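Chemist: Predicted model and sequence follow; I will ask about them next.
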Amino acid sequence: MPRGAWGVGPWNQEPDRVEWISPEGYPLLICRSYGGALCGYVGVSPEHPWHEKYHDDIDPSPDCHGGLTYSGASGGRIKHESAHPEVRWFGFDCSHHDDFSPASEALLRILWIGASGLASSQVYRDLDYVAHCCFELATQAAAAVPKVGTLPLFDELPGLAHK
């Protein structure tokens, strides 16, 4: 759906792509989906405990908008100029049932010759909202890294059990 057909909204003033580094040092990325909604990502290096995991296998699961819906290597639209070449991305999208996606809504208007009726109960998740979610995801990624100098619990040491 051509962007000009999306109608008027905050998306007209937003970029389709933003990349930056979180205060914790994680590469962050926002990309617009083909449906017009924004998606947010955090990149983790090979040393990070999430790196070799599928997004559904992270325990505890990070708390982000709609939950994690993506994990994968850099490539295509999901890449960052400042990121480690072997970074793995974890992301979320704002295309859930209660989210407004301008391109999807425009297509529904064309197919049903008029308003689809979905938009009244949906919310467009703007750039500020998605950036805030990215910052929160980076904070959770940082919290998942074991702290240097901490001692493991007795139950975690081979051959020892808490009595």
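Modeler: Here it is on my side, so go on.

Chemist: low pLDDT regions in the chain?
Modeler: 1, 5, 106-120, 148-163 (pLDDT under 70).

Chemist: Just the strands from the chain, written as ranges.
Modeler: Remark: strands assigned in the chain by DSSP state E are 17-21, 27-32, 38-44, 70-73, 88-93.

Chemist: Out of these, indicate the one that is most buried.
Modeler: Stretch with highest mean neighbour count among the strands of the chain: strand 38-44 (a mean of 28; mean count of other CB atoms under 10 Å). Just so you know, the C-beta spots here come from the backbone N, C-alpha and C atoms, and that holds for glycine as well.

Chemist: ok so, going back, can you lay out the strands of the chain as JSON lines showing distance to Y54?
Modeler: Output for the strands of the chain, formatted as JSON lines (distance: least, CB to CB, whole Å):
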{"stretch": "strand 17-21", "distance to Y54": "23"}
{"stretch": "strand 27-32", "distance to Y54": "19"}
{"stretch": "strand 38-44", "distance to Y54": "13"}
{"stretch": "strand 70-73", "distance to Y54": "6"}
{"stretch": "strand 88-93", "distance to Y54": "10"}
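
Chemist: by how many degrees do the lengthiest helix in the chain and strand 88-93 diverge?
Modeler: Ranked by number of residues, the top helix in the chain under DSSP state H is helix 127-143. Inter-element angle recorded for helix 127-143 and strand 88-93: 140 degrees (by axes from the mean of the first three to the mean of the last three CA atoms, to 10 degrees).

Chemist: mind listing what's buried in helix 127-143?
Modeler: 127, 129-131, 133-138, 140-142 (16 or more other CB atoms under 10 Å).

Chemist: Of the strands of the chain, give the one that comes closest to P62.
Modeler: Among these, strand 88-93 comes nearest to P62, with 7.3 Å by CB to CB.

Chemist: which residues in the protein form helices?
Modeler: Ranges of helices in the chain, per DSSP H, are 102-111, 127-143.

Chemist: Dump these to a markdown table, plus distance to S71.
Modeler: Below are those laid out as a markdown table (distance: least, CB to CB, whole Å):
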| stretch | distance to S71 |
| --- | --- |
| helix 102-111 | 23 |
| helix 127-143 | 12 |
